[in-house]
Structure formats: structure tokens, C-alpha cells
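**Q** how would this look folded up:
(2 chains)
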There are 2 protein chains.
Amino acid sequence: MELVTIDDIKAAADRVRDFAVRTPLLPATWADPDRPLWIKPENLQPIGAFKIRGAFNTLARLDEPVRARGVVAYSSGNHAQAVAYAARTYGIPAYIVMPEDTPSVKVEKTRSYGAEVVLCPVGKREEYADDLVEKTGAVLVPPFDHPDVIAGQGTAGLEIAFDLPDVETVLVPVSGGGLASGVGTAIRALCPHARIYGVEPELAADATEGLAAGHRVDWPVADRNRTIADGLRSQPSDLTFAHLRKVVDGMITVTEDEIREAMRVLAYKSHLVTEPSGATAVAAYLKGAVPAGRTAAIVSGGNVNPQMLREILTA
Amino acid sequence: MELVTIDDIKAAADRVRDFAVRTPLLPATWADPDRPLWIKPENLQPIGAFKIRGAFNTLARLDEPVRARGVVAYSSGNHAQAVAYAARTYGIPAYIVMPEDTPSVKVEKTRSYGAEVVLCPVGKREEYADDLVEKTGAVLVPPFDHPDVIAGQGTAGLEIAFDLPDVETVLVPVSGGGLASGVGTAIRALCPHARIYGVEPELAADATEGLAAGHRVDWPVADRNRTIADGLRSQPSDLTFAHLRKVVDGMITVTEDEIREAMRVLAYKSHLVTEPSGATAVAAYLKGAVPAGRTAAIVSGGNVNPQMLREILTA
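**A** Alright, predicted model coming up:
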């Protein structure tokens, strides 16, 4: 299987530069002095998550006549918004397939970026997406299982390596594994002495179990859906799993309470609003699971609904 | 009176580069298409406010033997923390004079940056500070009334001009006027066609009234203290007022409710936690007081206490 290379990621950086925010590394003044911490705030991207990096890289790589036919994605989360936003930037149609039970606020937000939302029965997303591809000639943009998506997400790692070349530990949330695959590949190439840790909720720790076993393991979706970290309920594909095996040094799992506490620390001390998935890497830091040394944690997204944010901040 | 120049600000940028975060301009996807908005998130600086720019520039400009004696500041807010943080970075003593009624959380936070906090009776801050200067030989770092402080704060404007050279409107909160003086000077020099608006709470609109009258006006401190924007209760000095007259095109005032609403929008839609003062420029944008065109708004700080944040987000 061919894996994404550092050159792929560098090329992706040239493609996404005009569209993604060049997020800074924020020194956390509240960190343990033995483990100074920098936060990479990808919740500040347009649409509120790192996902636009992969979406823009994928769209940029399409031949213009192909791209003009539009793009299809199935997602109820940040990937949907990222593809919709990138399509609008390119002035092309976006068809986003979402299950009928998707909260209407997410449907509306995706529509607000100009996408046509196609609702489907639960469990039929991929079928509907394939149908749309056939009918419209649009191109499917998968959420993580594609080299262009992985290379795009990897540009966040390139920026960490540039801003903090002597980083010793990098913490990245893992769901489908696109972000960790890309970031890990960039860090491994540019900061060969740094350790890369993936972070999962205990309640959706399929990648942790799979990497320990040396092969992918499947967790029932009902189990994975227990975590409040709704962006971390996917599982790696063969492609991302192969990357993770190569570039991730270890996995850390965090509890639901640890995620909530990280959200409070990020809001009160670092002035960042995060979604539960976005706070997991900092949760891993806070629980003391990280060795001493200069640490970078990716805050992957900020799209939390107001009700949940208020509840967590008040707890 | 000699005013700060663009060259002073460029020199300041070289001095603060290693200490202040190079904050990005964040495109607000929720903005009115006729008035696209970029947010300059200074709440993400170490200590949570733009104030470290001026503090670091001032300390860097001192001769080493003078600086070694330490620095004095009187402030119960972000300036205190900025001076304490900058002094710790330089490994020199910081003496911060605070009124006895300062909330203990602010005292503790200032101490956490290694400063010696000297509590004084209300209204005696300057007297105590002068005393400390005499006793210790340390240098007083004023919160805004100094060219080095103004030049340091101006580096935020330099970055806006670099990132968005065709900016048409710049919104800056005004209290003592250090930030608006510096940012206005930078924008005026580098983006001569841009309009610069200062923003004040209606309840502390002394600079608005003064600029309309053509001379400084004095509002009783009890009046200014009515606003929840506790970082905007100071008044310009002769030096900052002279800058404001030269570089500010107009003033916009905002109500307390408009400030609260801007805090909610920034949290829910831009994923930024702000203090009331920090949200005023965006409040001016949201109320529709800004002409069409590319707009940059400075979010000046994020140090809101958790209780107030929860109350405002829940309203």
C-alpha cells in the first residue's frame, strides 16, 4: 500500500495556503513547567475544524472539468461543512448526504455554506452518496480514506514542525485517522526525535485496541456512539491504519469527564471554545499521561452546540 | 508633542517577535458578505491580552543594568499580568501595585507569574508605585502613557496591514488609548485608504466625547465603572489623545447588551472566549455601525471570570 509522503504534504501546503488559516502555536502559560505545552488551535479554521485542509487539498487536485461537476460527501459533522465551504469557494456544487436524524442545526449550517443537503435513511449514507455520484458526475470526497485528504490534514503537522522544530511530543486525536496519519507523517519526517501519540475516548478506543493487536478491530457503532466526542466515532480504514502503524508511537485514552475538564481548561485558561473531540488531546496532557518535554496538542475543532457548551462550563 | 512613528512600531515588532504570538486574522464565516470580517484574536496571547506587546517592547528598550533592578506597574487588570509575565521572562523582579479591593483571583494570577503584589488603599496606586520606584530603583511601566508602550501595541496593527493590505475598516477598542494609538498609526502609514474606528462602551465614552469636542474630557470614575467592560474604564492621556486625534477617523459606542451579544457570537460562532472589553470591536460591527468593505476587528482580551462567562453565555 502506498503511503502519503512528506513531499505530498509539502505540496498540499502550497495548495491550501490561500484557504486555511495559518494557525499559530499558542504557549499555554498554565502548563506544567516540565512539560511546556503549545496548542494548535484548529478550532479557529473557517467552519471551525482542521477538515478544511483535506477538503481544499482534494478539490485542488481535481482536474478543472471534473471539479466543475461538483463534489459529494456523506457526513453529519465537520467534514460536511468543510466540503461545502471548499466547494463554495471554488464555485462548484456540493451534495452532502446526511442521515434523517441529523440535528437540524447541522443541516442548516451545511446549507448555509451553499450545499445541497440530501437526507437519507439511517445507515444508507454511502448508498445515497454512490447514487449521487452516478447521477451528477460529481466526485466523492471521503472524510479520511484518501491520500489527498491525509496529505491535506498533514499540513497542520508541517506547521507544528516549522514553528517548534524541537518539539518532543505531539498529541493528535484519532477517529478515522486522517489527521493523525498526516500529522504523524509530517512530524516523523521533520522532527524524527519527537514522539507522536494518538488520543481516543475510552468509549471509542478501537484504534488503540487495533494498534495493540497489530490489526484493525471493529467496535459496534452503538458502542462508539456512547462518547460525547461525536467527531471521534469513526474507525480507521486500511489506508489510515497503515499510516498509524508506521507513524504513531503510542495511544492514550481519555474518559468523558477528562474530556469535559479539558474543555473547561481550554475555555477558561486558553480562551478557546472547543467541541469534545477537539479537547481530547489536551485531556491526554492534563491527565499526566505524557512524558516530560516540549509538547504540542492539536485542538481539532470547536463546533459544540451552545447547550452542551453551557452545561459543561457550568459543571 | 512627539508622536510614535511607523518606524518605532517596526522596531518594536523586532523586539516583541520572540515573545508575543503572531496572531492570525481569522475570517468570520458568519459575517455580512458586504462587510467581510476578519478577527485579530489578541485574547490568545500569553496572559490573554494584547498588553504583552507593549510590556515586552518597553522592557526590551531599557538598558540592561537599569532593567535588572526590576519594574513597577499599577494595575488590577491585564497590564499587571503582562508586566509580571514579561519581567519573569527577563528574570527580573516585578512589583505590581493593586488596590486592596482587587478580586483575589486577579491577585493570585499576577502572583502566579512571579510578581510581588503590593496591596494599597483604593486611590493610592500611583503614590505607592512612586514609592516603590524610589525604594527599589525599579522602572515604572505605565499602562498606556508612554511611547514604547504605544509602539508595542502598534505591532498588532502592523500585522493586520501585512495580512490584509487592502483592509478598508479597522475597529479598535479605546480605553487609555494605547492600543488605538499604536494600531491607528500603523494602519494610517501602511493602509492610507483604510478608516480607523475607536470603540467605547456608551457607559465609558469619554474619548468619544473628547474627540468630538477637540479636547480631553473627564468622566467621573464612578460613571466609567458602570460598564462591564472593566478593561475600558481608563481615559486617554495627553499623549494618547494626541495620537487618537491624528489617526482615528471616528468613534463608535456600544451598549452593555451589545457587548454581551458580541461575546456570545464570538464564543458560539468564532470559538473564542472574550472578556467584555475584548468583544467591543465586534459589538460595533454587529450593530451595523460600520460601512461596507473589508473589516478587521481587534479582540483585545479574554480574561473574563468563569462566573460572568457562564452568565452571559446562558442569557
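
**Q** Check which helix or strand the residue of the stretch 51-200 of chain A found nearest chain B maps to.
**A** Of all residues in the stretch 51-200 of chain A, the one sitting closest to chain B is A:Tyr85 (7.2 Å; C-beta to the nearest C-beta). Bear in mind the C-beta positions are built from the backbone N, C-alpha and C, glycine included. Here A:Tyr85 sits within helix A:78-90, counting by DSSP states H and E.

**Q** how about the closest residue to chain B within the stretch 1-150 of chain A, secondary structure?
**A** Relative to chain B, the nearest point of the stretch 1-150 of chain A is A:Asn43 (4.5 Å; C-beta to the nearest C-beta). The three-state assignment at A:Asn43 reads helix, by DSSP: H, G, I helix; E, B strand; the rest coil.

**Q** Quick one, grab the pLDDT at A:Lys106.
**A** The model reports A:Lys106 with a pLDDT of 84.

**Q** Then A:Gly157?
**A** Reported pLDDT for A:Gly157: 98.

**Q** swap in the one 5 residues further on?
**A** According to the per-residue confidence, A:Phe162 scores 98 in pLDDT.

**Q** can you pull the contacts of it?
**A** When contacts are counted by C-beta atoms under 8 Å, 6 or more residues apart in numbering or on different chains, A:Phe162 touches A:Leu190.

**Q** So which other helices or strands are in contact with the helix or strand bottoming out on mean pLDDT in chain A?
**A** When each helix and strand of chain A is scored by mean pLDDT, DSSP states H and E, helix A:104-112 comes last, with a mean of 89. Contacts defined by 3 or more C-beta pairs under 8 Å, 6 or more residues apart in numbering or on different chains; DSSP states H and E place helix A:104-112 against helix A:78-90, strand A:94-99, strand A:116-120.

**Q** For A:Val133, give me phi and psi.
**A** Main-chain torsions, A:Val133, degrees, to the nearest 10: phi -60, psi -50.

**Q** wait, it sits on A:Val141?
**A** No: contact between A:Val133 and A:Val141 fails when scored by C-beta atoms under 8 Å: they sit 10.5 Å apart.

**Q** Just want to know which of these two has more residues nearby.
**A** For the pair A:Val133 and A:Val141, the greater number of neighbours falls to A:Val141 (26 against 17), based on other C-beta atoms under 10 Å in any protein chain shown.

**Q** got the residues of chain A near chain B?
**A** Contact residues, chain A versus chain B (C-beta under 8 Å from any C-beta of the partner chain): A:21-24, A:26-27, A:29, A:41, A:43-44, A:46-48, A:85, A:113, A:267-268, A:270-274, A:302, A:306, A:309-310, A:313-314.

**Q** Among these, name the buried ones.
**A** Those of these that meet the buried threshold are A:21, A:23-24, A:26-27, A:29, A:41, A:43-44, A:46-48, A:85, A:113, A:267-268, A:270-274, A:302, A:309-310, A:313, by 16 or more other C-beta atoms under 10 Å in any protein chain shown.

**Q** Sort out for me which of those are in strands.
**A** Under the assignment DSSP state E, these contribute A:Leu26, A:Pro27, A:Pro41 to strands.

**Q** about what we covered before: return the subset of the residues of chain A next to chain B lying in helices.
**A** Taking DSSP state H as the definition of helices, the residues of chain A next to chain B contribute A:Tyr85, A:Ala267, A:Tyr268, A:Ser270, A:Pro306, A:Leu309, A:Arg310, A:Leu313, A:Thr314.

**Q** Tabulate these (CSV), appending pLDDT.
**A** As requested, those are exported to CSV (pLDDT from 0 to 100):
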residue, pLDDT
A:Tyr85, 97
A:Ala267, 98
A:Tyr268, 96
A:Ser270, 98
A:Pro306, 93
A:Leu309, 96
A:Arg310, 96
A:Leu313, 96
A:Thr314, 92
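
**Q** with those residues in mind, which one is nearest to B:Ser76?
**A** Relative to B:Ser76, the closest of those is A:Tyr268; by C-beta to C-beta it sits at 18.9 Å.

**Q** wait, doesn't that closest one sit right on B:Met308?
**A** No: using C-beta under 8 Å, A:Tyr268 makes no contact with B:Met308, being 11.2 Å away.

**Q** The stretch 151-300 of chain A: strands as residue ranges?
**A** Secondary structure of the stretch 151-300 of chain A by DSSP state E, counting those that start in this stretch: the strands cover A:169-173, A:195-201, A:250-254, A:295-299.

**Q** Show me what the longest one is packed against.
**A** Just to be clear, that refers to strand A:195-201. Using 3+ C-beta pairs under 8 Å, 6+ apart: strand A:195-201 touches strand A:169-173, helix A:178-190, helix A:206-213, strand A:250-254, helix A:276-286.

**Q** Would you reformat these as a markdown table and include mean pLDDT?
**A** Putting the helices and strands packed on strand A:195-201 into a markdown table (pLDDT from 0 to 100) gives the following:
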| stretch | mean pLDDT |
| --- | --- |
| strand A:169-173 | 98 |
| helix A:178-190 | 98 |
| helix A:206-213 | 98 |
| strand A:250-254 | 98 |
| helix A:276-286 | 98 |
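
**Q** Quick test: name the residue nearest the centre of chain A.
**A** A:Leu179 (5.0 Å; C-alpha atoms, centre = their mean).

**Q** check contacts around that one.
**A** For A:Leu179, the contacting residues are A:Phe50, A:Phe144, A:Gln153, A:Ala156, A:Val172, A:Pro173, A:Ile298, A:Ser300, by C-beta under 8 Å, 6+ apart.

**Q** quick one: low-confidence parts of the stretch 1-150 of chain A?
**A** The stretch 1-150 of chain A contains no residues with pLDDT under 70.

**Q** Go again with 90.
**A** The stretch 1-150 of chain A contains residues with pLDDT under 90 at A:1, A:75-77, A:99-106, A:122-123, A:125-126.
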